[in-house]
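> Structural data only, the sequence is not supplied:
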Ligand SMILES: Nc1ncnc2c1ncn2[C@@H]1O[C@H](COP(=O)(O)OP(=O)(O)OP(=O)(O)O)[C@@H](O)[C@H]1O
């Protein structure tokens, strides 16, 4: 990443919309060998912005799949607030590396998708779509088709779709890695603004150590499915993180 990002100085403060996230001895095994993840114990505060880094195969995707409720841990428990996560949970949404948008729908249709599924009344749905498009800088793009958009704009739509339902936990899986450096920096900066405005809890997975340090209040590094490091971003450097991950 080339340009600098300006992180709001403080954690999201008064009455965050975000919910706390707790992993208590969470373990997931794909087969008989070593666990793909775990055991992992971790607590994320409401409104906190956590970045998760780690080399290929360290368990990042497994962690997100568990948080999203796509996988169920064989041991331990995941909780949002006080409630265990036992499957896909309406309080959280996931933004993936490749925006999985519906090409036959307009931008509005894509952003409205989650609201339709949750049976929001038409007027509220329309208002939320407009508000969310403004939030991601796509005001006026509603009638466009997805194929008329750039990669960065498509990822904005994906982010808008995730935000429109006003999640209390936002999961992001390498959301900017397919974008060029400049677009990546602009979107990362905007994500920070959105986090600040919405006060949502964020878990952001990335390979990019600079991105993790620029965005996260706190960084967790996974190695071999376990937490190798968990520290405030301000106490870390790219060099220290690299050493930890390679060591
Ligand atoms: N479907 C699967 N079947 C068997 N083992 C798997 C499966 N998916 C992941 N694993 C194993 O679980 C471990 C963690 O993988 P995971 O995909 O979570 O890592 P990752 O950090 O997301 O990697 P990457 O950055 O390459 O996406 C690895 O050892 C991997 O080989």
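Looks like it arrived, so ask away. Given the structure is predicted, the values throughout are model-derived calculations rather than measurements.

> List the buried residues of the strand or helix carrying residue 24.
Using DSSP states H and E, residue 24 maps to strand 21-28. Within strand 21-28, the residues scored as buried using 16 or more other Cβ atoms under 10 Å are 21, 22, 23, 24, 26, 27, 28. C-betas here are computed from N, CA, C, even on glycine.

> Also stretch 106-126?
Buried residues in stretch 106-126 (16+ other Cβ under 10 Å): 106, 107, 108, 109, 110, 111, 112, 113, 114, 115, 120, 125.

> where are the low-confidence patches of the protein?
1-16 (pLDDT under 70).

> Please enumerate the helices of it.
60-67, 107-117, 122-135, 151-164, 181-198, 209-215, 238-246 (DSSP state H).

> ok, residues contacting the shortest one?
Here helix 209-215 makes contact (Cβ atoms under 8 Å, 6 or more residues apart in numbering) with 1, 4-5, 7, 49, 51-53, 176, 184, 188, 191-192, 204, 206, 219, 233, 236-238, 241-242.

> Is it in proximity to the ligand?
No. Using Cβ under 6 Å from any ligand atom, we find that helix 209-215 stays clear of the ligand, coming within 13.1 Å at best.

> about what we covered before: in CSV: the helices of the chain, plus distance to residue 85.
Formatted as CSV, those follow (distance: least, Cβ to Cβ, whole Å):
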stretch, distance to residue 85
helix 60-67, 7
helix 107-117, 18
helix 122-135, 24
helix 151-164, 17
helix 181-198, 21
helix 209-215, 24
helix 238-246, 27
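
> Those: which one's closest to residue 93?
When those are compared by Cβ to Cβ, helix 151-164 sits nearest residue 93, at 3.9 Å.

> helices and strands around the closest one, which ones?
strand 92-95, helix 107-117, helix 122-135, helix 181-198 (3 or more Cβ pairs under 8 Å, 6 or more residues apart in numbering; DSSP states H and E).

> Any idea which of those gets closest to residue 45?
The nearest among these, by Cβ to Cβ, is helix 181-198 at 13.1 Å.

> Please compute how far the closest one lies from its chain's middle.
Here helix 181-198 is found 12 Å from its chain centre; the criterion is Cα atoms, centre = their mean, to the nearest Å.

> Any idea what the residue lying closest to residue 18 once chain neighbours are set aside is bridged to?
Using Cβ to Cβ, 6 or more residues apart in numbering and skipping the chain neighbours, the partner closest in space to residue 18 is residue 201 (3.3 Å). Residue 201 has these beta-bridge partners by DSSP bridges: residue 169.

> what's residue 201 in contact with, if anything?
Neighbouring residues of residue 201 by Cβ under 8 Å, 6+ apart: 16, 18-21, 44-50, 168-170.

> what's the spacing between residue 199 and residue 140?
27 Å (Cβ to Cβ, to the nearest Å).

> Let me fix that, I meant to ask about residue 52.
Distance from residue 52 to residue 140, by Cβ to Cβ: 35 Å.

> same deal with residue 45?
Counting by Cβ to Cβ, the gap from residue 45 to residue 140 is 36 Å.

> between these two, which one's more packed in?
The residue with more neighbours, out of residue 45 and residue 140, is residue 45; 17 against 10, by other Cβ atoms under 10 Å.
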